[in-house]
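> Here is my input; please provide its structure:
(2 chains, ligands or ions: 2)
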Amino acid sequence: MAKKKIRLSDIIKCFSLHIECGQGLLDREVEGGYVSDLLSDVMAHSKMGDVWITLQGHPNIVAVARLKEIAGIILINGRKPEEETIKKAEAEGVPILSSDLPAFELVGKLYEMGVSGKR
Amino acid sequence: MLMVLGHHLRTKNEWDRVMRSEILFQQKFKIHGGDFVNAGESSIKIRNILKEIGIDTDIIRRIAIAAYEAEMNVVMFAQHGTMHLLVYSNKILLKVADEGQGIENIELAMQPGFSTATEEMREMGFGAGMGLPNIKKNADVLNITSTVGKGTRLEININLNSKND
Ligand SMILES: Nc1ncnc2c1ncn2[C@@H]1O[C@H](COP(=O)(O)OP(=O)(O)OP(=O)(O)O)[C@@H](O)[C@H]1O
Ligand SMILES: [Mg+2]
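Ligands and ions are numbered 1, 2, ... in the order given. Next up, the predicted model:
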């Protein structure tokens, strides 16, 4: 049986995420996920099409997401991206979402939904 | 890649020139120390250029990682620097040179986890001590030279016709 596609928009709906930017890019498919607040770690271990869960909201996350072809960034714990981050993310085409949940909760829910860190 | 560049190669001379591995494309980018807002932009530009040239996506991925880590190290540990992208028929060379604090012990700096990043940088998620190991892992050849108090030079070589890993 073919695996059901999960899109950013599905995740947003299921877990009532806030859309910080990238409104037009939310039909992007999510192929997996990675959680880390260390940028070099994300550079080394994230994969193309991942959602990246982090508490970092500064502009450099956009470069990391762009270079690694991340599907979208989700900020946790009610964190919001800096203004400059949003500007850059719009320019580079990187959707940023945010959740009031702690990382553990959000990742658990994503995993249950079928988003996995292994592939 | 040669196919994409191929339509420029009309004469035998031009072909010979490529086979002697001359530079097919090059561009230099400036990096400003301490500028965490624009950090990473040179690497994004390099990635976009290589995409346009038609370089293999696996190779682009490796170069993107190496370029980003090298660029961030200039931003974190130097006043300013340059990243020079050189595309040859058989390899891609990234030369990163900075004027900055330099590296006292390169062998130690290469160890995963070693970092002299400040508390502020660590709060931003830098300073895992994984940058240089990431570069090493993704390069076919990595050369580092450094003079304390003066600056650091990196030469990152990625072959176009071989797979690493
Ligand atoms: N261009 C440079 N100039 C001066 N020192 C450097 C330079 N690049 C690296 N170093 C030194 O080498 C150490 C290790 O570098 P590396 O990139 O592996 O880790 P980091 O930059 O500290 O953390 P990370 O890259 O994981 O964010 C740095 O902490 C710094 O002391
Ligand atoms: Mg580094």
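
> Skip the chain neighbours and tell me the closest residue to the closest residue to ligand 2 within chain A.
Residue of chain A nearest ligand 2, by C-beta to the ion: residue A:40 (6.1 Å). Using the backbone N, CA and C atoms, a C-beta is placed for each residue, glycine as well. Leaving aside its chain neighbours, residue A:40 sits nearest to residue B:130 (3.6 Å; criterion: C-beta to C-beta, 6 or more residues apart in numbering or on different chains).

> residue contacts, that neighbour?
Residue B:130 makes contacts with A:38, A:40, A:41, A:43, A:44, B:69, B:112, B:113, as judged by C-beta atoms under 8 Å, 6 or more residues apart in numbering or on different chains.

> List buried members of those residues by neighbour count.
Neighbour counting by 16 or more other C-beta atoms under 10 Å in any protein chain shown classes A:38, A:40, A:41, A:43, A:44, B:69, B:112 among those as buried.

> what's the nearest residue to the fourth one if we skip its chain neighbours?
Nearest residue to residue A:43, sequence neighbours excluded (C-beta to C-beta, 6+ apart): residue B:65, at 5.2 Å.

> Make sure residue B:143 is actually in contact with residue B:136.
No. Contact criterion C-beta atoms under 8 Å: residue B:143 and residue B:136 do not qualify, at 10.8 Å.

> which of these two has more neighbours?
Neighbour comparison, residue B:143 and residue B:136: the larger count goes to residue B:136, with 16 against 11 (by other C-beta atoms under 10 Å in any protein chain shown).

> The helix or strand encompassing that one close to chain A?
Following DSSP states H and E, one finds residue B:136 within helix B:131-138. Yes. Residues of helix B:131-138 contacting chain A under C-beta under 8 Å from any C-beta of the partner chain: B:131, B:134, B:137.

> quick one on the thing from earlier: grab the two from the buried ones among the contacts of residue B:130 that are most spread out in space.
Using C-beta to C-beta, the two most remote members of the buried ones among the contacts of residue B:130 are A:43 and B:112, lying 13.3 Å apart.

> re earlier: what comes into contact with the helix holding residue B:136?
A:40, A:43-44, B:62-63, B:65-66, B:69-70, B:72-73, B:109-112, B:142, B:144, B:154, B:156, B:158, B:164.

> Please list only the buried members of these.
Among the contacts of helix B:131-138, the ones that count as buried (16+ other C-beta under 10 Å) are A:40, A:43-44, B:62-63, B:65-66, B:69-70, B:72-73, B:109-110, B:112, B:142, B:144, B:154, B:156, B:158.

> per-residue confidence for the residue in chain B that ligand 1 sits nearest to?
Chain B approaches ligand 1 most closely through residue B:131 (2.3 Å), counting by C-beta to the nearest ligand atom. Looking at residue B:131, its pLDDT reads 98.

> My guess is residue B:113 contacts residue B:127. True?
No. With contact defined as C-beta under 8 Å, residue B:113 does not reach residue B:127; the gap is 9.9 Å.

> Kindly provide the distance from residue A:10 to residue A:111.
14 Å (C-beta to C-beta, to the nearest Å).
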